[in-house]
Structure formats: structure tokens, C-alpha cells
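[1] kindly return the folded structure for what I paste below:
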Amino acid sequence: MTPLPRWADVLLLPVLNLLLALGVTALLVLATGNDPAVALRALAVGSLGSADAVGYTLYYATNLVFTGLAVAVAFQAGLFNIGAEGQAALAGLGVTAAALGGLPAPAVLPLAVAAGALLGAGWAAVPGWLQARRGSHIVITTIMFNFIAASLTVWVVVNLLTQPGSMSPESRRFPPAADLPGLAAFGLPGSAPVNLALPLALLAAAGVWLLVWRTPWGYALRVLGGSARVARYAGIPQARMTVAVMALSGALASGVAVNELLGAQHRLLLGFTGGYGFTGIAVALMGRNHPAGVLLAALLFGALTQGGAELAFEMPALPSEIVVLIQGLVVLFAGALGNMLRPGLARVLGRA
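    Numbering: from 1, shown residues only. A predicted model of the protein is given here:
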């Protein structure tokens with residue numbers, strides 16, 4: 001791989017890849033008979049142009065920080081966890097059980113968060129154990145566990161949690177003690193559902209950085225991800241590490257349930273995960289599996305999600321799939337083709 005200065009590798013190259021993706025998007029918008037400048041302006045204003053727009057961008061980004069970290073932690077150990085969607089869904093059952101369990105008001109919120117993390121960790125630890133002890137491939141087991149989690153959630157909601165006589169497949173409303181305060185409660189402007197899950201996501205990112213890059217356990221984890229043979233020679237307990245890393249990954253994915261159920265919906269809804277577990281894979285890859293990169297990538301994808309809603313309102317003639325197309329192009333140029341511009345950039349910087 002062509003070497004680049006650290007600042008160019010971390011900052012300049014990703015920015016150029018993003019601009020290239022937006023340039024291709026502009027050409028595609030132009031091909032549909034629409035003005036690309038108007039479309040890109042609608043994306044920018046819709047995601048960052050007002051307090052509510054910024055609030056919704058941060059709200060969507062919060063979910064992606066959690067799932068991006070979940071994927072990134074597992075990847076540092078050489079594990080490709082694509083089951084964050086199912087792990088978040090199971091965490092939603094834990095959150096709901098604690099929220100509706102009749103617990104004392106002061107204990108509801110912390111126990112609901114803990115219950116979600118526990119179920120998310122347990123659901124992810126099973127594929128980890130299957131790979132460590134039975135040789136089952138983590139990609140296959142995690143993706144199949146997504147389907148199991150979805151079916152289990154449907155059964156629980158429809159048969160156990162839906163109120164009698166209600167045609168809506170959702171639980172009853174959580175008690176007010178289980179409501180995660182929104183940032184508006186602290187005097188911040190806007191009415192978006194962004195809530196205290198956002199600082200929780202930032203703390204999770206800081207905790208992952210400290211754990212993975214500043215502790216002996218994290219060093220062992222990265223050694224395992226770099227070479228299983230070296231890890232075996234160094235005496236690192238690979239089976240135990242695999243299960244522990246997957247459990248940590250599932251606990252991080254549970255943040256989606258905290259943000260969505262405790263912070264916004266205040267009840268368990270079918271499909272509340274909204275594909276965040278799969279988008280988190282793109283966030284982790286674009287962020288190079290580092291917490292700082294995950295934060296920036298999550299913010300970008302959150303802005304695209306929120307800006308896309310404004311784009312659909314401002315330009316109804318534009319195909320609604322254009323936002324998904326933009327996300328795909330960002331992943332393509334920042335992920336799969338992330339090093340396409342590297343040799344040319346290295347030559348330009350070398351001459352400079």
C-alpha cells in the first residue's frame with residue numbers, strides 16, 4: 001500500500017473520497033433531469049440547517065455510533081459481526097421487560113439499560129461460543145441469529161405485550177420513570193428526539209478507545225485480530241477472548257434499544273432497529289474500525305438520513321432511492337475503493 005503522511009491518510013483521503021461520491025451523485029441527479037446543486041443544498045440544509053435538523057441528525061447518528069462500535073470492536077479481534085441488528089432487537093426485549101416490570105421508579109431507567117446490555121451481550125456471545133468451541137463461522141451464525149431475533153420479537157410482542165383489543169403490534173407505553181430525558185429538557189433548542197443516549201454513545205466510544213488501545217486486554221485483542229497464530233504462541237486464550245469480544249459487541253449494539261425505546265418511542269415497536277445494525281457495518285468500515293472514525297462516519301450517515309427526508313420533501317420528482325444510492329456511493333468510494341486515490345495523492349504530496 002502506498003504510504004501517506006498520517007494527516008493525509010486519516011483526513012485528506014477520506015474527504016476526497018467523500019467529494020468523489022458526491023460528485024458521482026450530482027451526475028446521477030443531473031441524469032434524472034434535476035438540478036444537482038438544489039439537491040445537494042437540500043441535503044445540507046435538511047441535515048444541518050436548523051436546530052431540529054441537527055437534532056434529528058444527531059438522533060440517527062447515535063444509533064449508528066452504537067452499531068458501528070459493535071462491529072468495530074469485533075473486527076479488531078478478527079471477527080466480522082453482522083448480527084448487531086438482532087442483538088439490538090433482543091436488547092429491546094430486555095429494556096421492555098425492565099421498563100414494564102413494576103420496578104421502583106428510581107431503579108427503572110438504570111436497570112432497563114442494564115437489562116438491554118445483558119440480553120444484547122448474551123445474544124452475541126452464543127455465536128462467539130459456537131465459533132470458539134465448535135468452529136461455526138461467525139458470519140453465518142450472526143446473520144442467522146438476526147432472523148431468529150426478529151421472529152422471537154414478533155412472537156413476544158404479538159402474544160405477550162400487545163394490549164387486548166389493540167390492532168397495533170406494540171407494547172403499552174413505558175412508565176414515565178423509564179423515559180430517557182431528551183436534550184430539550186436541558187434547555188437546548190429544537191424538538192428532535194435526540195436524548196441522553198447521545199452522551200452515552202460518546203462515553204461508549206471513549207470507553208472502547210481506552211479498552212482496546214490502552215489496556216493489556218485490548219492489546220491481546222488486537223494481537224488476536226492481527227494473527228491467530230501469534231496469539232496462540234503468546235498464550236492468549238483465544239476461545240475466551242472470542243466469546244468476551246462478541247459479548248462486548250452485543251452490549252454496544254444494545255444502545256440502539258436505549259436510544260429508540262427509552263429515549264424516543266417509550267414503547268416496544270416491531271422493527272424499531274430500522275436497519276441500523278447493517279448500516280453500522282458501513283459506518284465501522286468507513287471509520288476504519290476506530291472510535292474516532294466511527295463517530296465521524298456515524299455523523300455523516302446520520303446527516304444523509306435526515307437530509308434525505310428533506311430532499312424528498314423539497315424535490316418530490318427526484319427518485320426516493322437517491323438517498324440510499326448516495327449512502328451506497330459513500331460506502332463504495334470510502335470503503336471498497338478507499339485506496340483508489342492513494343497513489344495519485346501520494347505523488348501530488350511528494351511533488352509538493
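[2] for Val73, give me its contacts.
    Going by CB atoms under 8 Å, 6 or more residues apart in numbering, Val73 touches Val208, Val212, Val245, Leu248, Ser249, Leu252. Placement of C-beta: from N, CA and C, glycine included.
[3] which of these sits closest to Gly94?
    Leu252 (14.2 Å; CB to CB).
[4] what number of residues lie near Trp203?
    I think there's a mix-up here, since residue 203 is Leu and not Trp. 10 (other CB atoms under 10 Å).
[5] try the one 3 residues further on
    The number of residues packed around Ala206, counting by other CB under 10 Å, is 13.
[6] that one contacts Pro291, doesn't it?
    Yes. Ala206 is in contact with Pro291 according to CB atoms under 8 Å; the separation is 7.2 Å.
[7] show me where the stretch 251-352 of the chain has its helices.
    Using DSSP state H, counting those that start in this stretch, the helices of the stretch 251-352 of the chain run over 255-257, 276-286, 291-314, 322-331, 342-351.
[8] give the rounded mean pLDDT of the longest helix along the chain.
    Taking DSSP state H as the criterion, the chain has its longest helix at helix 105-134. The average pLDDT within helix 105-134 is 95.
[9] what comes up buried for it?
    Neighbour counts over helix 105-134 (16 or more other CB atoms under 10 Å) mark 108-109, 111-132 as buried.
[10] so which elements touch it?
    If contacts are counted by 3 or more CB pairs under 8 Å, 6 or more residues apart in numbering; DSSP states H and E, helix 105-134 sits against helix 84-99, helix 138-156, helix 238-253.
[11] please identify the deepest-packed of these.
    Neighbour counts (mean count of other CB atoms under 10 Å) averaged over each of these peak at helix 84-99, with a mean of 29.
[12] hang on, Leu111 packs against Leu100?
    No. Counting by CB under 8 Å, Leu111 stays clear of Leu100, with 11.8 Å between them.
[13] hang on, the earlier thing: okay if I get the helices and strands packed on helix 105-134 as TSV plus distance to Pro319 and mean pLDDT?
    Formatted as TSV, the helices and strands packed on helix 105-134 follow (distance: least, CB to CB, whole Å; pLDDT from 0 to 100):
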stretch	distance to Pro319	mean pLDDT
helix 84-99	26	96
helix 138-156	28	95
helix 238-253	31	96
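[14] can I get those helices in TSV with distance to Trp217?
    Shown next, in TSV, are the helices and strands packed on helix 105-134 (distance: least, CB to CB, whole Å):
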stretch	distance to Trp217
helix 84-99	21
helix 138-156	20
helix 238-253	8
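[15] of all these, which one is nearest Leu329?
    Once the helices and strands packed on helix 105-134 are compared by CB to CB, helix 84-99 is nearest, at 22.6 Å.
[16] so what secondary structure elements neighbour the closest one?
    For helix 84-99, the packing partners by 3+ CB pairs under 8 Å, 6+ apart come out as helix 51-76, helix 105-134, helix 138-156, helix 238-253, helix 255-257, helix 276-286.
[17] relative to helix 138-156, how tilted is the second one?
    Compare the direction of helix 105-134 with that of helix 138-156 by axes from the mean of the first three to the mean of the last three CA atoms, to 10 degrees and you get 140 degrees.
[18] Gly23: which of the contacts of Val73 is nearest?
    Distance ranking of the contacts of Val73 against Gly23, using CB to CB, places Val208 first at 33.1 Å.
[19] quick one: the closest residue to that closest one other than its chain neighbours from Thr305, how far?
    Among residues not flanking Val208 along the chain, Pro291 sits closest, at 5.0 Å (CB to CB, 6 or more residues apart in numbering). Applying CB to CB, to the nearest Å, the value for Pro291 to Thr305 is 21 Å.
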